[in-house]
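Undergrad: Fold the following.
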Amino acid sequence: MQQVVAPAFKTCSDCPIRHRAVCAKCDSQELELLEDIKYYRSFSAGQTVMWAGDHMDFVASVVSGVATLTQTMEDGRTQMVGLLLPSDFVGRPGRGEAAYTVTATSDLVMCCFRRKPFEQMISTTPHIAHRLLEMTLDELDAAREWMLVLGRKTAREKIASLLSIIARRDALLGLAAPGKELQVEIPLTREAMADYLGLTLETVSRQISALKRDGVIVLSGKRLVTIPDMDRLMTEAGDDSDGGYLV
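TA: Numbers count the residues shown, from 1 in each chain. Reported below is the predicted structural model:
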């Protein structure tokens with residue numbers, strides 16, 4: 001079961017997602033208002049955070065960990081439609097039901113806001129409304145970019161694209177070590193990567209092995225990936241080396 005937890009940090013200013021989350025533009029007075037309506041929840045890897053159609057009495061930001069968004073068709077087929085990474089926003093103000101099933105793929109901590117008070121704050125706190133609009137447009141750009149990845153890129157480019165998205169997100173949040181070489185932990189199993197990318201498990205394993213053999217990545221176990229040269233990975237992904245923020 002999910003647990004209400006106390007965060008490892010003491011204040012919002014110490015929060016690891018402070019400058020990327022929905023509260024990024026808030027001043028000290030606005031942060032105090034958010035403090036009154038927020039609480040933290042933790043979920044274990046593999047645990048369902050919410051089912052599609054569930055009533056949602058909160059919205060939230062992912063503080064740490066990763067979750068998947070999935071949708072199930074009437075005949076039972078399930079498709080992964082997105083990833084939730086640190087600083088991503090969960091839920092939609094004005095919508096009382098979850099649109100997708102959210103499942104933790106690693107141990108997950110979420111900063112939750114009671115939905116009704118948060119909706120009221122949007123109308124009275126321009127900084128929150130502005131940041132939420134920015135994040136919504138970023139999400140739209142990411143969805144369009146992902147259409148290109150799934151529809152036009154080769155299997156090798158798809159794997160490289162997913163790795164580059166995760167690596168750049170970690171770098172922006174300060175989770176990856178500074179410098180040209182990056183080390184990131186892939187939050188998905190290879191089976192989940194295959195589902196998300198529209199590939200077979202065998203193809204995912206074969207392409208990861210090929211990227212390793214060619215020196216594009218260095219593997220430590222199944223999840224820890226070192227990227228010696230980010231520019232080269234971006235080239236493998238079919239993107240410019242100065243490509244922007246994709247998710």
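Undergrad: host element of residue 207?
TA: Using DSSP states H and E, residue 207 sits within helix 201-213.
Undergrad: list the buried ones in that helix?
TA: 203-204, 207-208, 211 (16 or more other CB atoms under 10 Å). Where C-beta positions appear, they are placed from N, C-alpha and C, glycine not excepted.
Undergrad: Equivalent analysis for stretch 84-97, please.
TA: Neighbour-count burial for stretch 84-97 [16+ other CB under 10 Å]: 84-91, 93.
Undergrad: which one among these gets closest to residue 234?
TA: residue 85 (18.3 Å; CB to CB).
Undergrad: re earlier: looking at the buried residues of stretch 84-97, spot the one nearest residue 13.
TA: Checking those one by one against residue 13 (CB to CB), the nearest turns out to be residue 87, at 15.3 Å.
Undergrad: Do a quick rundown of the strands in this structure.
TA: Listed in chain order, the strands of the chain (DSSP state E) span 3-5, 38-43, 48-50, 58-64, 67-72, 78-84, 89-90, 101-104, 108-114, 182-185, 218-220, 224-227.
Undergrad: name the helices or strands packed onto the helix holding residue 207?
TA: When contacts are defined as 3 or more CB pairs under 8 Å, 6 or more residues apart in numbering; DSSP states H and E, helix 201-213 packs onto helix 155-172, helix 190-197, strand 218-220.
Undergrad: quick one: average pLDDT of stretch 29-48?
TA: Averaged across stretch 29-48, pLDDT comes to 90.
Undergrad: do stretch 189-197 as well
TA: Per-residue scores along stretch 189-197 average to 88.
Undergrad: how about it as PDB, C-alpha atoms only?
TA: Taking Å, rounded to 0.1, in the frame of the first residue of the first chain, the C-alpha atoms of stretch 189-197 are listed here in PDB:
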ATOM      1  CA  THR A 189      13.100  -3.400 -17.800                       C
ATOM      2  CA  ARG A 190      13.900  -4.400 -21.300                       C
ATOM      3  CA  GLU A 191      10.400  -5.900 -21.600                       C
ATOM      4  CA  ALA A 192       8.900  -2.500 -20.700                       C
ATOM      5  CA  MET A 193      11.300  -0.700 -23.200                       C
ATOM      6  CA  ALA A 194      10.100  -3.100 -25.900                       C
ATOM      7  CA  ASP A 195       6.400  -2.200 -25.100                       C
ATOM      8  CA  TYR A 196       7.100   1.500 -25.000                       C
ATOM      9  CA  LEU A 197       9.100   1.600 -28.200                       C
END
